[in-house]
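K.L.:
The sequence and its predicted three-dimensional model are supplied below.
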Amino acid sequence: MRPAVGCALAPPDLEGNRAFQVRWSGPAGAGDRIVLVDPQGSSRAASLLSHAIATGTTAANLRAPAQSGEFDVLFRMAQGIALAGQRLTVAMEPIVLRVPGPAKAGKPFQVQFTGDHRAARG
């Protein structure tokens, strides 16, 4: 992607499942959007993870996915043309569940949890 009329600037590295702000510029026509996409998605609809309408302001709030990987923030016109974009890396803290010892059938047991509680809820 090459910057053209617009630009989309996001932090290059993010923690997973967190909100972040994108500063952008562009024509802001009806239907223009700032989108977060998975470049490996099987289709345009499947790759869309978060979006904001690009009108009335030069900042948009998106949410990083609850998975690690590389994703693209794009200024996408209503016609589907991406005017500008930026690659970003998302790092998700692993979720770990531990049972401190053997559990007896039908009896309660304790579980230790570490990781991002928001991702565990889906």
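P.N.:
Great, that's in hand. Bear in mind the structure is a predicted one, so any value in this text is a computation, not a measurement.
K.L.:
thinking Glu93 is in contact with Glu15, fair?
P.N.:
Yes: with contact defined as C-beta atoms under 8 Å, Glu93 counts as touching Glu15 (7.2 Å). Placement of C-beta: from N, CA and C, glycine included.
K.L.:
Would you check how far apart the most centrally placed residue in the chain and Gly101 are?
P.N.:
Central residue of the chain (C-alpha atoms, centre = their mean): Ala64, 2.5 Å from the mean position. For Ala64, the distance to Gly101 equals 36 Å [C-beta to C-beta, to the nearest Å].
K.L.:
got it, and Asp32?
P.N.:
Asp32 is 57 Å from Gly101, by C-beta to C-beta.
K.L.:
and what of Ile34?
P.N.:
49 Å.
K.L.:
So for the two, which sits in the more crowded spot?
P.N.:
Ile34 (25 against 7; other C-beta atoms under 10 Å).
K.L.:
looking at this structure, which helix or strand does the model trust least?
P.N.:
helix 117-120 (a mean of 55; mean pLDDT, DSSP states H and E).
K.L.:
My read is that Leu74 contacts Ala84, right?
P.N.:
Yes: at 7.1 Å, Leu74 counts as touching Ala84 under the criterion of C-beta under 8 Å.
K.L.:
Of those two, which one has the most company?
P.N.:
The residue with more neighbours, out of Leu74 and Ala84, is Leu74; 25 against 21, by other C-beta under 10 Å.
K.L.:
First residue to last residue on stretch 25-40, what's the distance there?
P.N.:
Taking C-alpha to C-alpha, to the nearest Å, stretch 25-40 runs 26 Å from one end to the other.
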